[in-house]
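In: structure of the sequence below:
(2 chains)
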2 protein chains.
Amino acid sequence: MARARQVEGLRTIGVDLGGTKLLGVVADGAGVVLAETRRPSGEGAESVLAGLAGVVDELVTSVPAVAAVGVGVAGMVDYEGVVRYAPNIAGIEGLAVGTRLEKACRLPVAVDNDANVAALGEVLHGAARGCREVLVLTFGTGIGGGVVTGGRLLRGGHGYAAEIGHFTVDPDGPPCACGARGHWESFASGTALGRMGREWAARGEAPGVLARAGGDPAAVTGHEVGESAVAGEADGLALLDSYARWVAVGLGGLVNIFDPELVVVSGGLVTLGDLLLDRVRAELPACVEAPGHRVVPPVVAAALGSRAGAIGAAALARRRAEAVAEAPDAREHTLARETERP
Amino acid sequence: MARARQVEGLRTIGVDLGGTKLLGVVADGAGVVLAETRRPSGEGAESVLAGLAGVVDELVTSVPAVAAVGVGVAGMVDYEGVVRYAPNIAGIEGLAVGTRLEKACRLPVAVDNDANVAALGEVLHGAARGCREVLVLTFGTGIGGGVVTGGRLLRGGHGYAAEIGHFTVDPDGPPCACGARGHWESFASGTALGRMGREWAARGEAPGVLARAGGDPAAVTGHEVGESAVAGEADGLALLDSYARWVAVGLGGLVNIFDPELVVVSGGLVTLGDLLLDRVRAELPACVEAPGHRVVPPVVAAALGSRAGAIGAAALARRRAEAVAEAPDAREHTLARETERP
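Out: The predicted structure is shown next:
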């Protein structure tokens, strides 16, 4: 316990390894960011690893007394910290991020999926502080998800859990990025909102949205739909209504499955604020089983913005370091080889 | 710890409170059933409660040294052991099963959903022994589900989690028992197999199935479809193919969400054995994200049959009793007022 308290007082590094950029922070035990750096993610295992090590080196130099490093990777990461599937970062499948980065930077390293660590960040330091049962959803290019249950991240049997954008909501729906058809992600991601906008515009049903894209239906993205809705145009608002229904359809299923205390929503679309969230809140009860007999969870915007992943990764590093200090042998504490260090 | 070991040596009662019948067992720490009794569930809170108390009285009389009682209820049960929604048992919404039964039988009582305790039974004493990340699915009138993650039952923020039949797989699908449209349950329950059979028979596409129902399409149920498939008839097998695809579509989403080590399937349809399960196994990888990069979990038949709920309820009683003995103040140990007993 004395060692656990010691760890708590120290700073940890969190790195968010995304498809295009690396964002690294040093955070204290309250999730306050003391230093920050970013650079391109790179391509290929060695380049990505060099980038990660560079971020850690830079941050260790700028802030003293760093205890451990956490990394959130845009992909599936197993319990040994090995990347198993990362369609958005070329050449890193099979990369043992945990052990390789530990060797490179001589600090304990914990690794998890980027959406998972973002969820941990929101639960420990953001919009879901104090909650033990939370869904954190990121609506962007795809749908990222992290689930906290019993105060712990849901990781599953092999580390790949919480791929919550990937269940079928319509078997005849559009293809999903993962190759399947009609997954929730293909109806409720930011990308899907853009596709809906293009379809409506091509049919002549979204004049306001179309004008914002210079009159070219193919140029419409979720951004123009959002702008149109914010401006109060009927077509933008109708598109947002339709989109919010799809968000609620999938979210209702997840509420039936997880019964969360709170749902936290992040991603670019959150800039639309209550214009979007109020629509989701209005549709949600009809998508939840027995809404008159239970609490339908509040839906709130995330608090940590684009730094949620990095702050959460720093929190992951601290959690694992604390856990190892308290119970070095426990199976779930995968801070690799922490006890072998000099 | 001494107290915990003491509890382990004792027997516990488990009661499965279903829509039509009460099944009670006394089980030892290995899940071996030492005594068993059943009676109709009754209707209305007082009648159901009297039935529960009667089952406990009878079992306590027949087997000495019973330490606690667990109850699995076909409905949503909150953390205080109060039934919040139970569409299949008339008049028990609002019934505080836990505290009322404790008063009646003077034993500690733990209460949970019936599918949840069945899952616990399979994990502790059945087909998923030794696993910490498991989905247990029951395909019957509806789809019941229990999820074990980190070795614990997933209960969520209010106790209602794991309603895993209730997510939309087709917004234009048939109505679900819960009132929503196109939930997985309305495509992949035993009831849904019967409906498919009636539809095919009415269209003249299921002659073998129809003959088994005396030539009346309206008389077809899942039972005749199963018989036809077992007999090797083309129509019965084709119906089973189609049904297995729906099972796999929903199950694939749940695998993406939970990443279980193992999927256990129970319910009446399991009598079809590998005739059904092999079809589900064949369809499942295509419904899971990145199947070439991960383990797709094995799908196996449940081991405890119709006694899974009662055996699991007995295990729940033992677990809570052990937990309270070890840490009487912990939030999640809802064995109500255990510490106030004489």
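In: just say helix, strand or coil for the nearest residue in space to residue A:51 that is not next to it in sequence.
Out: Distance criterion CB to CB, 6 or more residues apart in numbering or on different chains; nearest residue to residue A:51, sequence neighbours excluded, is residue A:42 at 4.7 Å. The way it works is simple: take the backbone N, C-alpha and C, and place the C-beta from them, glycine included. Secondary structure for residue A:42, judged by DSSP: H, G, I helix; E, B strand; the rest coil, is coil.
In: I'd say residue A:42 and residue A:48 touch.
Out: Yes. Counting by CB atoms under 8 Å, residue A:42 does reach residue A:48; the two are 4.8 Å apart.
In: where does the prediction get shaky in chain A?
Out: A:1-9, A:327-342 (pLDDT under 70).
In: what residue of it is the furthest out?
Out: residue A:204 (35.0 Å; CA atoms, centre = their mean).
In: how near is that residue to chain B?
Out: 25 Å (CB to the nearest CB, to the nearest Å).
In: quickly note the distance from that residue to residue A:221.
Out: Distance of residue A:204 to residue A:221, given as CB to CB, to the nearest Å: 18 Å.
In: still on that earlier bit, ok now do the residue nearest to residue A:51, which residues does it touch?
Out: Residues near residue A:42 by CB atoms under 8 Å, 6 or more residues apart in numbering or on different chains: A:22, A:48, A:50, A:51.
In: ramachandran angles for it?
Out: Dihedral pair for residue A:42: phi 80, psi 180, per degrees, to the nearest 10.
In: just the ones of the contacts of residue A:42 in helices?
Out: Judged by DSSP state H, the contacts of residue A:42 include A:48, A:50, A:51 as members of helices.
In: residues making contact with the strand or helix carrying residue A:300?
Out: Taking DSSP states H and E as the definition, residue A:300 sits inside strand A:299-301. For strand A:299-301, contacts defined as CB under 8 Å, 6+ apart pick out A:127, A:251, A:262-266, A:270, A:273, A:277, A:280-281, A:284.
In: switch to 10 Å and redo it
Out: Residues outside strand A:299-301 that contact it (CB atoms under 10 Å, 6 or more residues apart in numbering or on different chains): A:122, A:126-128, A:135, A:137, A:247-248, A:251, A:255, A:260, A:262-267, A:269-274, A:276-278, A:280-281, A:284.
In: got the angle between the helix ranked longest in chain A and helix B:234-258?
Out: What stands out as the longest helix in chain A, according to DSSP H, is helix A:234-258. If you take axes from the mean of the first three to the mean of the last three CA atoms, to 10 degrees, helix A:234-258 sits at 90 degrees to helix B:234-258.
In: can you pull the buried residues of helix A:234-258?
Out: Buried residues in helix A:234-258, defined by neighbour count with 16 or more other CB atoms under 10 Å in any protein chain shown: A:235-240, A:243-258.
In: follow-up on the earlier one: unless I'm mixing things up, the residue farthest from the centre of chain A is touching residue A:215, no?
Out: No. Using CB atoms under 10 Å as the test, residue A:204 is too far from residue A:215 to be in contact (11.8 Å).
In: check which helix or strand the spatially closest residue to residue A:52 that is not a sequence neighbour maps to.
Out: Spatial nearest neighbour of residue A:52, chain neighbours left out: residue A:101 (5.6 Å); criterion: CB to CB, 6+ apart. In this structure, residue A:101 sits in helix A:97-105 according to DSSP H and E.
In: so is stretch A:55-74 next to chain B?
Out: No. Judged by CB under 10 Å from any CB of the partner chain, stretch A:55-74 makes no contact with chain B; its nearest approach is 13.3 Å.
In: for that stretch, measure first residue to last.
Out: 17 Å (CA to CA, to the nearest Å).
In: what comes up buried for that stretch?
Out: A:55-56, A:58-60, A:63, A:66-74.
In: tell me which residues of the following helix or strand past the strand holding residue A:300 come out buried.
Out: The helix or strand immediately downstream of strand A:299-301 is helix A:308-326, counting by DSSP H and E. Within helix A:308-326, the residues that count as buried by 16+ other CB under 10 Å are A:308-325.
In: and helix A:308-326 with chain B, contact?
Out: No. Judged by CB under 10 Å from any CB, helix A:308-326 makes no contact with chain B; its nearest approach is 13.2 Å.
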